[in-house]
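K.L.:
the following block contains a protein sequence and its predicted model.
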Amino acid sequence: MAVIKCPGCSKKISDKAKSCSHCNLSLAELDSDKLASINRVNLINKTQRLMNYSFIAMLLFCGGFLFMFWDNVEQGTWQHNLAMLSAIIGFVMYIVIRAMLLFTKRKLN
């Protein structure tokens with residue numbers, strides 16, 4: 001008996017199971033077209049999740065700069081350091097997430 005990943009929910013199940021105990025996907029009726037469709041839906045969901053993370057990273061980046069310049073924060077204060085940290089973390093997260101999104105979209109096509 002081997003443990004495999006369910007094509008629907010990616011949780012571990014037995015290879016002898018007729019259906020997934022987590023998502024109730026019938027493995028007996030699974031053909032190549034249905035498997036390809038499930039994989040495509042999973043990639044689309046991953047793409048949407050990465051887009052949401054990208055938006056959050058952009059909010060961190062813009063929020064840090066807006067806080068720093070609209071509030072006239074002086075250098076060296078904790079507000080300035082927090083704003084710079086937020087902007088840097090947001091920028092790095094945005095670049096990394098966009099690269100992940102690019103590779104995910106290449107798999108999709």
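P.N.:
Received the coordinates, thanks.

K.L.:
which non-adjacent residue is nearest the residue nearest the centre of the chain?
P.N.:
Against the mean C-alpha coordinate of the chain, by C-alpha atoms, centre = their mean, the closest residue is residue 50 at 3.6 Å. Distances taken as C-beta to C-beta, 6 or more residues apart in numbering put residue 101 closest to residue 50, at 4.5 Å, once the chain neighbours are dropped. Bear in mind the C-beta positions are built from the backbone N, C-alpha and C, glycine included.

K.L.:
look up how far residue 49 lies from the one you found.
P.N.:
Distance from residue 101 to residue 49, counting by C-beta to C-beta, to the nearest Å: 10 Å.

K.L.:
the more surrounded of the two?
P.N.:
Neighbour comparison, residue 101 and residue 49: the larger count goes to residue 101, with 17 against 13 (by other C-beta atoms under 10 Å).

K.L.:
contacts only, for the residue of the chain most remote from its centre.
P.N.:
Distance to the chain centre peaks in the chain at residue 74, reaching 35.7 Å (criterion: C-alpha atoms, centre = their mean). Residues in contact with residue 74 (C-beta atoms under 8 Å, 6 or more residues apart in numbering) are residue 80.
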